[in-house]
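**Student:** quick one: sequence and predicted model below, then my questions.
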Amino acid sequence: MIYQIYPRSFADSDGDGIGDLPGITARLEHLADLGVDAAWLSPFYVSPMADAGYDVADYRDIDPVFGTLADADALVAEAHRLGLRVIVDLVPNHTSDQHVWFKAALAATPGSPERARYIFREGKGEHGEEPPNHWRSVFGGPAWTRVTGPDGLPGQWYLHLFDVTQPDLDWTNPEVREEFHDVLRFWLHRGVDGFRVDVAHGLVKAEGLPDWDYDHGLLDSTEKLGRPPMWDQDGVHEIYRAWRKVLDEYDDRVLVAEAWVEPPERLAKYVRHDEMHQAFNFEYLTTRWVAADLREVITSSISATAAVGAPTTWVLSNHDVVRHTTRLALPLSGPKRPNGIKATDPQPDQVLGLRRGRAATAVMLALPGSAYVYQGEELGLPEHTTMPDDARQDPTFFRTGGTVAGRDGCRVPIPWERNAPAYGFSPSGRSWLPQPESFAGHAADQERGVPGSTLELYREMLRLRRELGLGLGELEWVDDLGGDDVVAFRRGEVLVVANLGGEPVPLPSGTRVLLTSGPLDEQDRVPTDTTVWLTPAS
Ligand code: GLC
C-alpha cells in the first residue's frame, strides 16, 4: 500500500503554517506503524505555488517553504531506515511561468528555439486577437493566453491546459525529452524509488490542435465523443517507453501514471511491460456506492490490467477529489466527480459518509493489486465542507469566478493531537487552510490504540492484507449472498462481504469474522454500509 503525503498539509516543523520536509521526516514513524510500503509525496520543488506546487520553476531543487535538498536526502534516508520507499511527483506536462525556460521564451521572438519548448501559436482573426482554438482550461476559462512581444505589441498565444501560470511544454521537441530524462536521473541518483507522473495522459496533443467543443474535464467520456485532442494521444506511450529505459538503468524503481483515461483498456496501455508500473484507477474512484457498479468496475479493471500483465491500482481519495468519507454520502443524482463542496451547498451527512468510507476502504484493501491511501483517510477525516470562500486557494475557485469550490476541502492540514495548537500540525498554531472543529475528534492521538477507531481499522486491514497476501492472487465473485445489493467475493480463504443494501445480511454459516468496517447488529448480521472479512470457522 502506498500512502500519499501532501507536503503542505502533513506536518509543519518551523511554524509558518505550511507543512515541510523536516515535518514529514519527524512523522514517518506514523506511516511505518500504520503498515504502509511506500510514501508518494506531492511536489516539493521550487514553485511560486500558483497551483500548490504543481507549477514547477526548478525541477532540481526544493522550495524554501518545504526545506532544502539536504532535507530531502534526510527524508529519503529516514524512510529507507524505516523500510519505506519514497515516490516523488514529477510534473512534465507544464512548467511554471517562472521557469527559466518560459522566461526565456517570453523574451524571445516567435519561431525561436526558446519558444519552441512550449506551445506558442499565432491567434486567429484579422489581428490575431482570437485564440488559436476553443480549448478550455481544466481549471475554467480559456486554455490560451496572449503574450506581449518584446516589441511591446500583442503577440502570440501560449497553451495552458491548467492555470495561466502553467504553460504546456511541447513534447514533440527533443530538447524537452532530453531535459526530463536528466531530471529523472537527478532524482534517481538521490535515491528516490520512483515517480508519480502528473497528467501523464496530457503530454502529447493531436496534430494541428483541432477544436474540441465538449467538456474538457480530466475524465472525458471517450466512448461517447471520441478521444479529446488534448488527452490520451497514442504518442504519449513512446515517451514512457523511453523513461522506462532510464529507470531500468537503476535497481527496482517505479513509474505511476496519473492518467484520467477511460475505458480500462485504454488505461491499461500505460502499464504495458515496457512502460509504467502502475496507473491510478480513477474510474474506480468515481464509481458510486452502488453494488452493481462496483462489481462491474472491479471486473473490467482486473481484466484490462491482466491482459497486459500488470496489477490494478486502486484509489479512493487524493488531493484533487472530495474525500471519499464525504463523497460517498452525496446524492446519487449529483456529478460522479464533484469538485469541492461549499458552505452554501446542501451539507452531506458526515456520519453516513464515514460509515460508507470505511466500508469502501475495506473493499478496496481486499482487492488484488496495489492500493493508494491519501493522508488523513486513515483517521477518517471528512472533507472540509464549510470553508469560508476567503480562505480558499485553489485556482479552480478563482478561474470559475467562485462558482466551483475546488479542491481545498480535501487539502486541510492533518490533526495529530487534539489539544495542541493547530491540532499538532504546526507549533505556532498557524495553518495555511483553516481546520474545521470536527478534526478534533479525528486527531491521531484520539484514535491510536482505540479499538474500533478508523486508525486501528486501517492498521488491522493492512496487517491482514500483508499476512494473507491479499495484494496478490485471484478474485472470485460470490453471487448468492443476500441479493443484488451485496458485493461478495473470495480472495483465497477470505470471503469479503460488503452490504450496500437496506437490509442486514446474515453471516454465511461456517465462517468467522476476521475484520469488520463497523459493528455487526445484535443478531450478528452485517448491517447496511458495512464490509466484513470472513474466514472458515474451523
Ligand atoms: C494533476 C494534479 C493536480 C494539478 C494538475 C496540474 O491533476 O494532481 O493537483 O492541479 O495535475 O498539474
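**Tutor:** Happy to help now that I have it.

**Student:** end to end, how far does stretch 249-262 reach?
**Tutor:** Stretch 249-262 has its terminal residues 31 Å apart, counting by Cα to Cα, to the nearest Å.

**Student:** actually stretch 414-425, sorry about that
**Tutor:** 6 Å.

**Student:** in that stretch, what counts as buried?
**Tutor:** Within stretch 414-425, the residues scored as buried using 16 or more other Cβ atoms under 10 Å are Ile414, Pro415, Trp416, Arg418, Ala422, Tyr423, Gly424, Phe425. In short, each C-beta sits where N, CA and C put it, glycine included.

**Student:** return the residues of this structure in contact with the ligand.
**Tutor:** Asp51, Tyr54, Val91, Phe162, Asp198, Val199, Glu258, His319, Asp320 (Cβ under 6 Å from any ligand atom).

**Student:** considering the residues you listed, which is situated nearest to the ligand?
**Tutor:** Tyr54 (3.4 Å; Cβ to the nearest ligand atom).

**Student:** from the residues of the chain next to the ligand, which land in strands?
**Tutor:** Per DSSP state E, strands hold no members of the residues of the chain next to the ligand.

**Student:** between the residues you listed, which is nearest Gln393?
**Tutor:** Asp51 (9.5 Å; Cβ to Cβ).

**Student:** got a list of what the closest one touches?
**Tutor:** Counting by Cβ atoms under 8 Å, 6 or more residues apart in numbering, Asp51 touches Phe162, Asp163, Thr165, Gln166, Pro395.

**Student:** before we move on, the earlier item: and the buried residues of stretch 414-425, which is closest to Leu184?
**Tutor:** Nearest to Leu184 among these, counting by Cβ to Cβ, is Ile414 at 29.8 Å.

**Student:** the residue nearest to that closest one when sequence neighbours are not counted: how many residues sit nearby?
**Tutor:** Nearest residue to Ile414, sequence neighbours excluded (Cβ to Cβ, 6 or more residues apart in numbering): Gly376, at 5.3 Å. Neighbour count for Gly376, taken as other Cβ atoms under 10 Å: 26.

**Student:** looking at Gly376 now. What's its pLDDT?
**Tutor:** Gly376 carries a pLDDT value of 98.

**Student:** where do the strands of the stretch 151-300 of the chain begin and end?
**Tutor:** 154-159, 194-197, 254-257, 278-279 (DSSP state E, counting those that start in this stretch).

**Student:** any stretches of the stretch 101-250 of the chain with poor pLDDT?
**Tutor:** Filtered on pLDDT under 70, the stretch 101-250 of the chain yields the residue ranges 215-225.

**Student:** and with 50 instead?
**Tutor:** Low-confidence segments of the stretch 101-250 of the chain (pLDDT under 50): 219-221.

**Student:** for the closest residue in space to Leu184 that isn't next to it in sequence, what are its contacts?
**Tutor:** Nearest residue to Leu184 in three dimensions, chain neighbours excluded: Val246, at 5.0 Å (Cβ to Cβ, 6+ apart). Val246 makes contact with His181, Leu184, Arg185, Leu188, according to Cβ under 8 Å, 6+ apart.

**Student:** quick one on the thing from earlier: just the contacts of Asp51 now: which is nearest Gly15?
**Tutor:** The closest of those, once distances to Gly15 are taken by Cβ to Cβ, is Pro395, at 26.3 Å.

**Student:** if I read this right, that closest one contacts Arg407, doesn't it?
**Tutor:** No - using Cβ atoms under 8 Å, Pro395 is not in contact with Arg407; the gap is 9.5 Å.

**Student:** excluding chain neighbours, what is closest to Asp193?
**Tutor:** Leaving out its chain neighbours, the residue that sits closest to Asp193 by Cβ to Cβ, 6+ apart is Arg85, at 3.9 Å.

**Student:** what about that neighbour, distance to Tyr3?
**Tutor:** 11 Å (Cβ to Cβ, to the nearest Å).

**Student:** give me the common contacts of those two.
**Tutor:** Counting by Cβ under 8 Å, 6+ apart, the residues touching both Arg85 and Tyr3 are Ala38, Ala39.
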